[in-house]
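K.L.:
have a look at this prediction, sequence included:
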Amino acid sequence: MKKIASLLTLAAVAVASVSLVSCSKEAPKAEVIKIGVFEPLTGANGAGGADEYDGIKLANKLFPEVLGKKVQLIAVDNKSDKVEAANAATVLAQKEKVNAVIGSWGSSLSMAGGPIFAEAKIPAVAVSATNPAVTKGNDYYFRVCFLDPFQGVVGATYAFNTLKAKKVAIIREVSNDYSVGLAKFFADEFVKLTGDQGAVVATADYNTGDQDFTAQLTNIKKSAPDAIFAPGNYTESALIIKQARALGMNVQFIGGDTWDMAAFLEVGGAAVEGAVFSTFFANDVPINKTSEAFLKSFREEFKKEPSAVSALGYDAYLVILDAIKRANSAEPQKIRDALTTTKDFEGSAGVITINAERNADKEAVFKTVKDGKFVFLTTVKPK
Amino acid sequence: MDLQTFLQQFVNALSLGSLYALIAIGYTMVYGILRLINFAHGDVFMIGGYLAFYGVSMFLMPWWLAVCLAIVVTTAFGVGLERVAYRPLRDSPRISIMISAIGASFLIENLAIVLFDARPKAFPVSSLFAANYVIGGVHVASVSLIIPVVTAVLLAVLLWIVHRTKTGMAMRAVSTDIEAARLMAIDVNRIVSITFAIGSALAAIGGILWALKYPRLEPLMGIMPGLKCFIAAVVGGIGSIAGAVLGGLLLGLIELMTIAVLPELTGYKDAFAFVLLIMVLLVKPTGLLGKNQGEKV
């Protein structure tokens, strides 16, 4: 037994040293510009990550070169898991030595990768991570979407003014920073609008990946709210609405950008009809030329309708390419500096200006579900 | 909590608990025979759901045919799994076969990610199961009625097989002493295959019912239910069929009732199951119904 163990150790050491040698040999090759794709391709957020990746792949296909060099996408799967996300970020930063990073779907996952990119001084552009903490205090993290404080405010305003709700209940995905943050911004604004400290009549929590919400919903049912704000992952949210209907609750559901996924409609079916949510992008009305070109080539390439995050993934890639062009260099630090001066860049999901906090000032779109499809309702501009 | 809310929560819990019970039986049967915790059980459960999904949505079969075929194919899959991953290791140390089970579980999960795609799929629920009833102010989905009934019927059938048939007698013999059973001219391999067939069929039925109740399929959907049902089997007394059912019901009840009574603890919902496991292992390591060795299958 001992002999085998020592043999195994020897073999392991041999393998490790061989791989070390091969690593150091590869290092000086830098003919291509590497853009890391840091996305959850499996797990609870797998569909979101895959949709963003679709948009990024399309952009890479249409614009494969910059400064005469080929742009190569290096995708790593952060598995919808905060620990795996840190590992995946380390792979991109240390092993692949990418020039810039796009991603991740999910604020929590982006936050797990943030410090690693900052330490390696590699700029990262989040596609749809809307929690303020993603870019706050991290000089290397940018984003091409709006933020949750803005989204929470427009959501609460919509509930109060348009839906005429006086009492709301909130269901949070408690293990998700995005959901908890957005719920708080919504609640604060709603209390301010109604002037009633007790306007939020019930708050319930669940965990990512949960499938049974009947106990929470039964609790909420007692307090009879006018509307339920349930920002959270799309499939869990669809199941929540479905189970609420089965419990005889015909209350209006309001959500955030995470609902803007085909899977939300597929899982929810007839139950999600009439649900309202804020998001980044409407594919039934092209807003500018980039948007038009994006919609056309996306439909040709994938034979399906793009989701909002696909458009944002496309934009994130273009913003990085634009920064590389303006910096006239693919050095991570120079890309980072050029990103800070991005101004009036015409993206497919609206004009992007990166502000001093490395965030994008953008407008929000409201959509509803009608006859099994997402339908554009209205847009709300930032104040 | 008023009576109506309590009844509603009770119905919610009963429906979840009987689903746990159904899957827990599969764990307990395999453990009873081989002293093996089949970590891939949750993944067999996932395969069952996916097969039914593909039957309905891809091959456009009527739902009953898709369900029957899914159960048959999953059963074959479970038996094949035993032959490939467990049988060659039957005489090895217990730890090797356990590691093989964990490996099989990871392999199936990742294969499923490649084959079925990681994006969640919506399970097509037949309108027969989408109905809702209101009984005295309590809303009951028809799936929630079907699940306990299916569990009860299957439990009765299983108890009958184990206690009233020749195969059942052989199973009990193998469970008590494999070597002695072999000397009594019992074909141990056949009995083990039958056990895996029953266990996998139960997993498939559980997977399909789960998908009817929570119509979202994803390759990793078997992990959490698998863990919970393993806990249910241990709590009830692993190896005891009635214990698995009791453990499953208890787990569903504790999980939902704790949320109902103490909503602020919702975030820790999954932890309740593990706390329950630790408490039972500390106080009564054989589980609630685990003392009667003769009942073991």
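P.N.:
Looks like it arrived, so ask away. Numbering: from 1, shown residues only, chains lettered A, B, ... in the order given.

K.L.:
next one: the worst-scoring helix or strand of chain B on mean pLDDT to chain centre, how far?
P.N.:
In chain B, the helix or strand scored least confidently by mean pLDDT, DSSP states H and E is helix B:127-130, which has a mean of 74. On the basis of Cα atoms, centre = their mean, to the nearest Å, helix B:127-130 sits 23 Å off its chain's mean C-alpha point.

K.L.:
who are the packing partners of that helix?
P.N.:
helix B:142-164 (3 or more Cβ pairs under 8 Å, 6 or more residues apart in numbering or on different chains; DSSP states H and E). No exception for glycine: its C-beta is placed from N, CA and C like everyone else's.

K.L.:
buried stuff in the helix or strand following the helix it packs on?
P.N.:
On the C-terminal side of helix B:142-164, the nearest following helix or strand under DSSP states H and E is helix B:166-176. Buried residues in helix B:166-176, defined by neighbour count with 16 or more other Cβ atoms under 10 Å in any protein chain shown: B:167-168, B:170-175.

K.L.:
C-terminal to helix B:166-176, what's the next element?
P.N.:
Following helix B:166-176 toward the C-terminus (DSSP H and E): helix B:178-183.

K.L.:
and that following helix, how far from the chain's centre?
P.N.:
28 Å.

K.L.:
show the average pLDDT along that helix.
P.N.:
The pLDDT scores in helix B:178-183 average 90.

K.L.:
could you list every helix and strand in contact with the helix or strand just after it?
P.N.:
The helix or strand immediately downstream of helix B:178-183 is helix B:188-213, counting by DSSP H and E. Applying 3+ Cβ pairs under 8 Å, 6+ apart, we find helix B:188-213 packed against helix B:3-34, helix B:41-57, helix B:63-81, helix B:142-164, helix B:166-176, helix B:178-183.

K.L.:
assumed residue A:75 was part of a helix.
P.N.:
No. Under DSSP: H, G, I helix; E, B strand; the rest coil, residue A:75 falls outside any helix and is assigned strand.

K.L.:
quick one on the thing from earlier: out of the buried residues of helix B:166-176, which touch chain A?
P.N.:
Filtering the buried residues of helix B:166-176 for proximity to chain A by Cβ under 8 Å from any Cβ of the partner chain leaves nothing.

K.L.:
which non-adjacent residue is nearest the residue in the stretch 251-383 of chain A that chain B sits nearest to?
P.N.:
Going by Cβ to the nearest Cβ, chain B is nearest to residue A:266 of the stretch 251-383 of chain A, at 3.5 Å. Sequence neighbours aside, residue B:122 is the residue nearest to residue A:266 in space, at 3.5 Å (criterion: Cβ to Cβ, 6 or more residues apart in numbering or on different chains).

K.L.:
number of nearby residues for the one you found?
P.N.:
21 (other Cβ atoms under 10 Å in any protein chain shown).

K.L.:
and if you look at residue A:255?
P.N.:
For residue A:255, using other Cβ under 10 Å, the count is 29.

K.L.:
quick one: residues contacting the closest residue to it other than its chain neighbours.
P.N.:
Of all residues beyond its chain neighbours, the one nearest residue A:255 is residue A:277 (3.8 Å), with distances taken as Cβ to Cβ, 6+ apart. Neighbouring residues of residue A:277 by Cβ atoms under 8 Å, 6 or more residues apart in numbering or on different chains: A:254-257, A:259-260, A:366-368.

K.L.:
ok, 7 Å please
P.N.:
With contact set as Cβ atoms under 7 Å, 6 or more residues apart in numbering or on different chains, residue A:277 has these partners: A:254-256, A:259-260, A:367.

K.L.:
just flag the most distant two among the residues you listed.
P.N.:
A:254 and A:260 (13.3 Å; Cβ to Cβ).

K.L.:
redo the helices and strands packed on helix B:188-213 as CSV? Include distance to residue B:222.
P.N.:
Compiled in CSV, these are given as follows (distance: least, Cβ to Cβ, whole Å):
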stretch, distance to residue B:222
helix B:3-34, 9
helix B:41-57, 3
helix B:63-81, 12
helix B:142-164, 17
helix B:166-176, 25
helix B:178-183, 28
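
K.L.:
thinking residue B:98 is in contact with residue B:38, fair?
P.N.:
No. With contacts counted by Cβ atoms under 7 Å, residue B:98 stays clear of residue B:38, the gap being 9.6 Å.

K.L.:
these two: who's more crowded?
P.N.:
residue B:38 (30 against 17).

K.L.:
so the most centrally placed residue in chain B versus chain A, what's the distance?
P.N.:
Nearest to the geometric centre of chain B sits residue B:23, at 1.1 Å (Cα atoms, centre = their mean). Per Cβ to the nearest Cβ, to the nearest Å, residue B:23 is found 13 Å from chain A.

K.L.:
what sits against that residue?
P.N.:
Residue B:23 neighbours (Cβ under 7 Å, 6+ apart): B:45, B:203, B:206, B:225, B:229.

K.L.:
ok, now with 8 Å
P.N.:
Contacts of residue B:23 by Cβ under 8 Å, 6+ apart are B:41-42, B:45, B:202-203, B:206, B:225-226, B:229, B:232, B:248.

K.L.:
between those residues, which is closest to residue B:132?
P.N.:
residue B:206 (22.5 Å).

K.L.:
right, and the closest one touches residue B:18 too?
P.N.:
No. Under the criterion of Cβ atoms under 8 Å, residue B:206 is not in contact with residue B:18, lying 10.0 Å apart.

K.L.:
tell me which of these two has more neighbours.
P.N.:
The neighbour comparison of residue B:206 against residue B:18 (other Cβ under 10 Å) goes to residue B:206, with 31 against 23.

K.L.:
where does pLDDT dip in the stretch 151-297 of chain B?
P.N.:
Within the stretch 151-297 of chain B, the ranges that satisfy pLDDT under 70 run B:291-297.

K.L.:
up against chain A, what does it have?
P.N.:
So the stretch 151-297 of chain B meets chain A at B:210, B:213-216, B:218-220, B:224, B:255-257, B:259-260, B:263, B:266-267, B:269-270 (Cβ under 8 Å from any Cβ).

K.L.:
in helices, which of those fall?
P.N.:
B:210, B:213, B:224, B:255-257, B:259-260, B:269-270 (DSSP state H).
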